[in-house]
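Peer 1: Predicted structure and sequence below. I'll ask about it afterward.
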Amino acid sequence: MGISIVIMEQMIQLFLIMVMGGVIVKTGVLKGQDSHILSAVTLYLITPCVILEAFQVDYTPRVRNGLLLALGAAVIIHILILLSLPVLGRIFRLDAVEKASIAYSNSGNLIIPLVTAALGKEWVIYSSAFMSVQLFFMWSHGKMLLCGEKKIALRKIFSNINMIAVIAGAVLFISGCRLPSLVRGAMDSAGKMIGPMSMLIAGMLIGDMSLKKVFSYRRLGLVTFLRMIVFPALSLVILKYSPLAGLTEDGFTILLITLLAVVTPTASSITQMSQIYGKNAEYASVINAATSVVCMVTMPLMVFLYQL
């Protein structure tokens, strides 16, 4: 129950930052399009710092086995979601932004501060496994959805700055190499901005809209329900009742981190990618905002049910 309360407190704090983002746009201090610059900073600078810093831990069999479990669980969850998506797409006639918003969670920008606050910094490395898997699928499947490409461009996936950070972090982890303390300190300081910056961006985009426009998206409730209730509940059942937790010493806590990654709001990267590929970034940001509000209730609830 304690973890649920900590998570709820963190979500409320991040939601308030999102409100601040809306206020600075509504009052004319900044414009909504100024968020594009912050999006680029988050995507190409802050997130790589977070990934590299997470891998700066000692290589031990315990950590190795935990990473393998986290990686396997992440792959299972993503395959399940991606296999379900075409079926849901046909039933509900989902468009590209809706499909991407349902499939991909804010596991990178939001999970790091939540895991740090609820469990401790030493557990952040396990969230990197989910983040790595999601990065692969987001920049392959997700990119195909949003820009209409029919082929997976592996070169583009592995040239992505965040995937490069994952590979570099893994090499440093396996080899036991540590970055200089000054460099790690700088990356740690930059990484702490990831949650607030992402919510600030979402708030700025919402602040650039009228409430009438927000509520004009009639399918918002459906997309939010699928993203925040259906897939998290399905993932909860799999992670809680499968034998996966017994495969390693810290299995229960590692799968809790996987669950946290699943039950976060829609990935803010979907908004950023929608901006880049000419899709409805406004709708994507509305979905992000709605799921951010709803997850203040659903996230602690799912964690509580997992711990029962």
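Peer 2: Done, it's in.

Peer 1: what number of residues lie near S140?
Peer 2: 17 (other CB atoms under 10 Å). C-beta here means a position set from N, CA and C on the backbone, and glycine is covered the same way.

Peer 1: That one reaches I157, doesn't it?
Peer 2: Yes: counting by CB atoms under 8 Å, S140 does reach I157; the two are 5.6 Å apart.

Peer 1: Now the phi/psi pair for the nearest residue to A117 once chain neighbours are set aside, please.
Peer 2: Closest residue to A117 apart from its sequence neighbours, by CB to CB, 6 or more residues apart in numbering: Q10 at 5.1 Å. Backbone torsions for Q10, taken as degrees, to the nearest 10, come to phi -60, psi -40.

Peer 1: Please apply the same query to L110.
Peer 2: The phi and psi values for L110, taken as degrees, to the nearest 10, are phi -110, psi -30.

Peer 1: Then Y277?
Peer 2: The phi/psi pair for Y277 (degrees, to the nearest 10) is phi -100, psi 10.

Peer 1: got a list of what it touches?
Peer 2: Residues near Y277 by CB atoms under 8 Å, 6 or more residues apart in numbering: K143, L146, C147.

Peer 1: next SSE after the longest helix along the chain?
Peer 2: Of all segments of type helix in the chain, defined using DSSP state H, the longest is helix 61-92. Sequence order places helix 96-103 as the next helix or strand after helix 61-92, per DSSP states H and E.

Peer 1: hmm, back to that, out of the contacts of Y277, the closest to K99 would be?
Peer 2: Closest approach to K99 among those (CB to CB): L146, at 9.1 Å.

Peer 1: Could you check the pLDDT of that closest one?
Peer 2: Reported pLDDT at L146 in the predicted model: 86.

Peer 1: Please put the alpha-carbon coordinates of the host helix or strand of it into CSV.
Peer 2: Element membership of L146 [criterion: DSSP H and E] is helix 143-147. Once non-C-alpha atoms are left out, helix 143-147 reads as follows in CSV (Å, rounded to 0.1, in the frame of the first residue of the first chain):
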residue,chain,number,x,y,z
LYS,A,143,6.9,4.9,-36.8
MET,A,144,5.3,2.8,-39.5
LEU,A,145,1.9,3.6,-38.0
LEU,A,146,2.5,7.4,-37.9
CYS,A,147,4.4,8.0,-41.1
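
Peer 1: Please name every helix or strand in contact with it.
Peer 2: helix 96-103, helix 268-276 (3 or more CB pairs under 8 Å, 6 or more residues apart in numbering; DSSP states H and E).

Peer 1: Now the first one - C-alpha only, PDB.
Peer 2: Put plainly, it is helix 96-103. This file holds the C-alpha atoms of helix 96-103, laid out as PDB (Å, rounded to 0.1, in the frame of the first residue of the first chain):
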ATOM      1  CA  ALA A  96      -2.900   5.800 -36.400                       C
ATOM      2  CA  VAL A  97      -2.600   8.300 -33.500                       C
ATOM      3  CA  GLU A  98      -5.100   6.300 -31.500                       C
ATOM      4  CA  LYS A  99      -3.300   3.000 -32.100                       C
ATOM      5  CA  ALA A 100       0.100   4.400 -31.200                       C
ATOM      6  CA  SER A 101      -1.300   6.100 -28.100                       C
ATOM      7  CA  ILE A 102      -2.800   2.800 -26.900                       C
ATOM      8  CA  ALA A 103       0.200   0.700 -27.700                       C
END
